[in-house]
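> With the input below, show me the fold.
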Amino acid sequence: MEIIASIFSGRNIALLGAALAAGLAGMGSAKGVGMVGEAASGLLTEDPSKFGKTLILQALPGTQGIYGLITAFLIIFKIGILGTPVELTTAQGAYFLMASLPIAILGYYSAVKQARVAVSGVNLIAKRPDEVGKAITASALVETYAIFAVLVSLLLVLFAKV
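Okay, here's the model as predicted:
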C-alpha cells in the first residue's frame, strides 16, 4: 500500500499533468509541422522560390507545443520541482492534472487541424502565390482555440492554492 501511495502522490499526479501538457501538445505540433512540411516539400520541388511563404504555414502548428511546454514549466515551478519543494495533497495534484488538460487535449487536436488547413494553404500557394495572406489567415483562425485553451490552463495553474 505504501508503494501505491508514493506512486499516486500529489506531486506525481501534478507531474503527470505537466507531462501531458508538454507531451500531447508537442505530439500534435510535431505531427502538424510534419504534415505541412511534406506538402511544402512537394511544392518546393516544383518552385523553390515559394519557400518563405510555405515556411510560415509550416511553423503555425508548432505553437501548440510551445503552449504546452509553457504550461508544463509553470506547473513544475509552482510545485517546487526546481525550487523549494511543496508538499501536495492528492487533491492538489489532481487539480494540476485537470488544469493541464485544456492545453494537452486541445493543443494536440488544434495543431493537427491547423496543419490540415495549412496543407490546403500550401496547395493554394501552388496555384495562386499572391493569396498567401488568405492561406495564413485561414490557418491562424484555428490557433484561436489553442490560445483559449492555454489561457484556461495557465490561469488555473497561476491561481492554484498550494
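
> mind saving the C-alpha coords of the helix or strand bottoming out on mean pLDDT in the chain as PDB?
Least confident helix or strand, the chain: helix 2-7 with a mean of 73, by mean pLDDT, DSSP states H and E. C-alpha atoms of helix 2-7 as PDB (Å, rounded to 0.1, in the frame of the first residue of the first chain):
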ATOM      1  CA  GLU A   2       2.800   2.400   0.800                       C
ATOM      2  CA  ILE A   3       4.300   1.900  -2.700                       C
ATOM      3  CA  ILE A   4       0.900   2.700  -4.400                       C
ATOM      4  CA  ALA A   5       0.600   5.800  -2.100                       C
ATOM      5  CA  SER A   6       4.000   7.000  -3.200                       C
ATOM      6  CA  ILE A   7       3.300   6.500  -6.800                       C
END
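
> Quick one: list the elements packing against the helix or strand just after that helix.
Using DSSP states H and E, the helix or strand that follows helix 2-7 towards the C-terminus is helix 10-46. Counting contacts by 3 or more Cβ pairs under 8 Å, 6 or more residues apart in numbering; DSSP states H and E, helix 10-46 is packed against helix 51-59, helix 63-78, helix 90-127. The way it works is simple: take the backbone N, C-alpha and C, and place the C-beta from them, glycine included.

> how about these in CSV, adding mean pLDDT?
Shown next, in CSV, are the helices and strands packed on helix 10-46 (pLDDT from 0 to 100):
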stretch, mean pLDDT
helix 51-59, 95
helix 63-78, 97
helix 90-127, 97
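
> Which one of these lies nearest to Leu20?
Across those, Leu20 has its closest neighbour in helix 90-127 (4.2 Å, Cβ to Cβ).

> now for the closest one, which elements pack on it?
Applying 3+ Cβ pairs under 8 Å, 6+ apart, one finds that helix 90-127 contacts helix 10-46, helix 51-59, helix 63-78, helix 132-158.

> buried residues in it?
Applying a neighbour-count criterion of 16 or more other Cβ atoms under 10 Å, one finds 92-97, 99-122, 124-126 buried in helix 90-127.

> Report the contact partners of the residue nearest the centre of the chain.
In the chain, the residue lying closest to the centroid (Cα atoms, centre = their mean) is Gln64, at 2.5 Å. Contacts of Gln64 were listed using Cβ atoms under 8 Å, 6 or more residues apart in numbering, and they are 25, 28-29, 32, 103, 107-108, 110-111, 114, 146.
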